[in-house]
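Asker: Need coordinates for the below:
(4 chains)
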Amino acid sequence: MRLSLAQRFGAVVLAVVVLAAVWSQLAGFDPVLGVAPQAANLGPSLAHPLGTDHLGREVITRLAAACGAFVFPGLLAVTLCGALAVPLGALAGWAGGSVERFVRAMLGTVASIPPLVLALLLCSAWGNSHTHLALAAAIAYMPTFAEAVFARIATLRQAEFLVAARAYGLSEWRIVWRHLIVAACGPTIARQGLLLFSEYLVLETTLSYLGGFGVQEPMPSWGNMITFEWGRGNLAPLAAPVIALWLTLLALAWLAHGAAEERSHV
Amino acid sequence: MTDAAASSGAPQALGRALLRVVGFALTIAGAALLLLTLMHAAPGDAIDQLPNGDALRPVLEREWLLDRPLWEQVLAHFSRAAQGDLGVSLVVRPGATVLEVMSAPLLRSATWVAASIALSLAWGATLAAATSRRSRAAGRFVEIASVPPVFLVAHLAVNGLNAGAWRLMQADLITRPSWFALPDEASWLRTTLAIVVLALGSGALSRTHLAVRTALLELRHASFIDAARARGEDTRPLIARHLIAPLAHLTAERVAAHVAGLIILERVLLLNGAGSLFWRASLERDWPLALGLALAAATGVAATRLACDGVRVLADPREREVSG
Amino acid sequence: MSRRLALTALLAASALAFAAPVRYAEDRAPAIVNPLFATSMSEARLNELVFEGLFADDQDLRSTPKLALAWELAEDRMSMRVRLRQGVLWHDGEPFTADDVLFTINAMRNPTTASTEAGRVAWIRSATKVSELELDLTFVAPEYSPQDKLHFKIVPAHAFKSTAVSRTDAFRTSPIGTGPYRVAKFNDDNSISMDRWGGYWGTSYVDTFVLREVADPNYQAKLLSYDSLESLVRVLPRDLATLRADRRVELYPYQTNSWWYIGFNQRKANLQEPEVRKALSLMVDASSLLAPIGTGELLSGPFVRSSPFYNHDVPVSQADPERAAALLTEAGYQRTASSWVRNGEPLTLQIVTQQNLETAQDVVINLQAQLQRQGVEVKPVFLTPADWKQRVWREGDFDLVLSQWSFDRNEDIYEQFHSKGSRNFVHFKEEAVDTLLDQAREAADPQRKKALMRQVHAHIAQDNPMIFLWTLDSYSAVSTRIQHVVIHPFYYFTWANEWTTN
Amino acid sequence: MCERLVATGLEVRIGARQVLVNGAIALQPGEVVALVGSSGSGKTLLARSLLGLVDLHPGIVAGEVTLHSAHHPPTTWRAPTTRAAREAAFQPIRRDAVGWLPQDAQQALDPFSTVERQVGRAARGDVDVDALLVRAGFSTPGAVRHRYPHQLSGGMAQRVGIAVALARKTCFFIADEPTTGLDPVVAGQVHEALRALAEAGVGVLWITHDLRAVRGIAHRVIVLDAGHIVERCSPDDLVHERLASDAGRSLLDATRRIAGGVLG
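Answerer: Model (predicted):
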């Protein structure tokens, strides 16, 4: 699978982000340690690669630790959503007729609720936590994910090689699983997973930026770093999260785009 | 093919339109049930979350039937909502009915969402037309430019504009613009900024640009466009006519994202629409109001999708033939 | 008649000169404008413009007559007669009479109203009307200066159907008061405009006050410098420097009688031991916690330094790591490389504070760094208002709590430190303090009350249920276009009728 | 009235590959020219070049197309030019002079409008749609007038294409394999319509595989092979296999094998 330049860039950035998240989890990053008021607002230097923020905390370690705020809940959201959407999409795509209409009507109902609305309601009623946010994102994004899987399977339903497989007496579900979902839908599932992950990143940083929900100080998030460092006259701790967010979203977009083109060769 | 095939289309189309409207009503009912179930299934003591919970505990316990099983609570709440009684706001406007509190802001927000979708479609279409013949580089640039999320674009826009204008005012180059900082009356330019940012942020522009570009490429190679060109006709109106269906489909797809984007924008730009009201209701656990607004958002999205389906069927006769 | 016309013409002309409104920012616009249900500070400030009490503070913070004109206290100090001011009109033109005062007292006492201000009339046994502008009050216990307790706002009787007023009564959207400003409009951008009331019995100059809701406090300071606001009620410490440097803005102290503390939860075994509490107190260097968030006065007890009850003989405790370590070893802790351990358990404490108290986060973060360096691990938890009520008030599920108390002019700390106090969530119990507090509550003579309270201060400092931190110098910023600005330390707008705009 | 449409020295390239060399053709009113050749020989490309409808890269690199008409001076286009210049130059030729019926007639009709509207729009003025439909071979025009293209069969779509051409009253008409996929009866009707066009004075360029039908209808035959015009002959020469070029002869052998004899 020859990766285009854009995809290679995407893969590298994503790898760095996931590594940073894992590192901060393993090293047991303590968001509060490293507070040194006397070292506040230092510019980037050898000792402090990205400078320090208004409480003297190291910007680069907080930037890396902030990846934990969306990588693990993002993965949870993707798996949750995939676990719901792929079977539903496959069922609708394969069964067709009234089953398809019922499943898609149900999906249409969930799709009418924008993700941010569901996320806010859930965090407000259930309490503001990563798992609730991931659950809300999984439910809200499930229709899009399922529709993509449905579309892919519906087009392949008549494909000859499936008719032949049926002729050989392969059981229905083995066909659907081995041929359809694994082989044909692989790229679609990868693409939707990447899109949902990037949607979760936007959701988390937005809520953390606006405050009240999402990640609260002193836990770091690219969103709340922007809020708390804005207007304090120090550029580095502000530019770092903005650029990190921009690059990661771009990486995810190009990877997802790449996954789509992949499908067109199949 | 007898003549009957064409004329019998009318009652069949009406039947299908009715089916779609019923579908629309079911969608909203489904969305309401989903939201109510999620709210009532919330772990922990709901009333305690309210800032003035203790004062309202007796009233709320009776009203929300908290002692009864989950499905009974949901059904009771749902039947009340079905008759249009969305309850009373608890914290934001205590005592006022939810309908009363949310109607004016909803109207404002609806116009902003519609304007931002129209702008993003127009923007995407013109960009796609301009770049369709050029190489992929242009598409790549649009993709990079429209990646940053709405809150970031809005934050940079509003703070940049204010700081810039303030510097100009200090140097007496301009008088105080009407939209500056926190205008006393609603400034139309401020809402335009919101609409522009909404049409740009969170990948809106790049998704629209991509969708329109693919539709355009398909159309350009369609042989009826070729034939029209061979007849020396101006193909632009024909292409525009055939872009209606894909644009309608795109609107149906993008409306939910624009509603979500508007909630963030109203919060960042201090605009007084349903979005900031919803945010405040969620933050202060004013659940009847939050639920009412969420339901209104779902209804808006479902209604837009219904309208888009209608446009697609009207525009494309082939859609009328397809059953269901 | 012609002289009166000339006067109004003059007033009208002068009004034009002061056309510019005074726009002030609040984090959240009040949901209810009804003094019977005032809960938040933004509501208390707004009520100050719209309503009046029988008495109010003068600029030396002594009670002076407002709606009342004169009063006589009975010999046995068990009752008093109040004569009301003449010619006072409600904003809807109705005359102000004794009925309104009676109605307000009965409404506050009516259980169905469940008014949040009921406590302010608990000391009144009965109120009877003598004539249109005279009434008699009898007290539950002898009172020495009842006028200090008659500052609660009076509402018009004719605006309500009965004394059982509901929270959602329509009055809240069209409030009627006797104050210098009338609520003109609830604008749809959550701002409230209050116009000058022509029929006000006293003088007032500013034409309009507008309450603007700006949820983000960081943005409020920006708006002031952008001339979108004229007054910022509370300036965040981080913005003090920039606003102090801004020539077009003047800073006025606005203390709100509040002080910060770190409370020890005495339900927890180790925090019941005085040595452990003393050791922890000695580890904390209050001045270096205060530095990053602003300036203020360090305290040694539960009163602001300017309060008559503050005992200046009790010194502020200084950080003393060696003595703290000695105390901990005395209590049976051994110092390992990274922490203090007693029978296998390291000394780790959970400190809770409120999420929406921004400066609290900086304090907690600094505190944790300080204690971590001395081997005590501290885990901060930032609670939403709902969780705060659940964990702190009801369950007592915390080790340390960082918060602040704000008091009105009576500075009544009974609820916080008496063992039966409703706000004593640090579970502090000390007989001596209980008896002193009971005596102080009954003490009618102000001098005796002052002496008793100073003893309470000394005792509490000794028992150390809390580390008393500081009163934070907090300021309000007002544009220099507004003159004669005088700000009440708690109610802010008490003397707003003397402000002028040039 | 226009007199002749002449193309000389046309050369078309895709990248470096030459797909049409020395394409030369002249259409006169009332004459049917049959263009035959194996598939991929460049027949459609030559026809499209007459209308400047070649969007390949680099496309038409050499050659000239000229329209001679009685009243005003001839309009010519000489390669190579920019896309915009080409579009402008061919505008009069496309609008007034040449009608075109592409291979898949059904796809060439606007899916969103009815037959009546499409024919009416082509006529640019009021016209008797039924009469045109009859001339194009429909026995009951009323049945098809309100239909949408996706409700027409292949044959019906071809005939609607012809009706559109008739409506435009152009001097020349290019039909690109109008009878592929049609049963013989319907194909016959389409051929009849072409002859009617020629008799009405229209110069027809007819691209076809149906060598047997050429005899009754075409006045001249041009044989194309791999982008080169290899033969210009009369229909009789084709029928009696009197072809000079071996490429032409191999085309005949191939057709005989499939169709069981050219003359059958």
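
Asker: and the residue lying closest to A:Gly74 once chain neighbours are set aside, helix, strand or coil?
Answerer: With sequence-adjacent residues excluded and distances taken as CB to CB, 6 or more residues apart in numbering or on different chains, A:Gly74 is closest to A:Tyr200, at 4.2 Å. (C-beta placed from N, C-alpha, C; glycine too.) Here A:Tyr200 is helix, with the state taken from DSSP: H, G, I helix; E, B strand; the rest coil.

Asker: OK, contacts around A:Tyr200?
Answerer: A:Phe70, A:Pro73, A:Gly74, A:Ala77, A:Val78, A:Leu133, A:Ala134, A:Ala137 (CB atoms under 8 Å, 6 or more residues apart in numbering or on different chains).

Asker: For the residues you listed, which entry has the maximal number of neighbours?
Answerer: A:Phe70 (31 neighbours; other CB atoms under 10 Å in any protein chain shown).

Asker: which other helices and strands contact the helix or strand in which that one is found?
Answerer: Counting by DSSP states H and E, the element that carries A:Phe70 is helix A:68-95. Judged by 3 or more CB pairs under 8 Å, 6 or more residues apart in numbering or on different chains; DSSP states H and E, helix A:68-95 is in contact with helix A:5-26, helix A:97-111, helix A:130-156, helix A:186-210.

Asker: burial measure for the nearest residue to C:Asn190 once chain neighbours are set aside, as a count.
Answerer: In this structure, C:Asn190 finds its nearest non-sequential neighbour in C:Glu213, 4.2 Å apart by CB to CB, 6+ apart. For C:Glu213, the neighbour count with other CB under 10 Å is 20.

Asker: tell me which element residue 251 is part of?
Answerer: Just so you know, I chose chain A. helix A:236-265.

Asker: my bad, the chain I had in mind was chain C
Answerer: Using DSSP H and E, C:Leu251 falls in strand C:249-253.

Asker: State the mean pLDDT of that strand.
Answerer: Averaging pLDDT along strand C:249-253 gives 90.

Asker: Can you show me the CA trace of the helix or strand following it as PDB?
Answerer: Using DSSP H and E, the helix or strand that follows strand C:249-253 in sequence is strand C:258-264. In PDB, the C-alpha atoms belonging to strand C:258-264 read as follows (Å, rounded to 0.1, in the frame of the first residue of the first chain):
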ATOM      1  CA  SER C 258     -14.500  38.000  52.900                       C
ATOM      2  CA  TRP C 259     -11.600  35.900  54.100                       C
ATOM      3  CA  TRP C 260      -9.900  32.700  52.700                       C
ATOM      4  CA  TYR C 261      -9.100  29.600  54.700                       C
ATOM      5  CA  ILE C 262      -7.900  26.000  54.500                       C
ATOM      6  CA  GLY C 263     -10.200  23.900  56.700                       C
ATOM      7  CA  PHE C 264      -9.200  20.500  58.300                       C
END
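
Asker: For strand C:258-264, which helices and strands make contact with it?
Answerer: Counting contacts by 3+ CB pairs under 8 Å, 6+ apart, strand C:258-264 packs against strand C:400-406, strand C:466-468, strand C:470-472.

Asker: in terms of contact count, name the helices or strands touching the last one.
Answerer: This points to strand C:470-472. strand C:258-264, helix C:286-290, strand C:296-298.

Asker: so after that strand, what's the next helix or strand?
Answerer: That would be, after strand C:470-472 and using DSSP H and E, strand C:475-479.

Asker: Sheet partners, orientation included, of the helix or strand that that following strand is followed by?
Answerer: Note on strand C:475-479: by DSSP H and E, the next helix or strand toward the C-terminus is strand C:482-483. As defined by DSSP bridges, the strand partners of strand C:482-483 come to strand C:500-501 (antiparallel).

Asker: Can you name the residues in contact with the partner strand?
Answerer: In contact with strand C:500-501 (CB under 8 Å, 6+ apart) are residues C:Phe18, C:Ala20, C:Val22, C:Tyr205, C:Val206, C:Asp207, C:Glu230, C:Arg481, C:Ile482, C:Gln483, C:His484.

Asker: Out of these, which comes closest to A:Ala20?
Answerer: C:Glu230 (46.4 Å; CB to CB).

Asker: who's in contact with the closest one?
Answerer: C:Ala20, C:Pro21, C:Val22, C:Arg23, C:Tyr24, C:Leu224, C:Val478, C:Ser479, C:Arg481, C:Ile482, C:Thr501.

Asker: ok, so of those residues, who is nearest C:Leu367?
Answerer: Using CB to CB, these come closest to C:Leu367 at C:Leu224, 30.9 Å.

Asker: Now do the closest one, the pLDDT please.
Answerer: pLDDT, read off for C:Leu224, is 87.

Asker: for D:Asn21, helix, strand, or coil?
Answerer: No, residue D:21 isn't Asn; it's Val. Per three-state DSSP, the local secondary structure of D:Val21 is strand.
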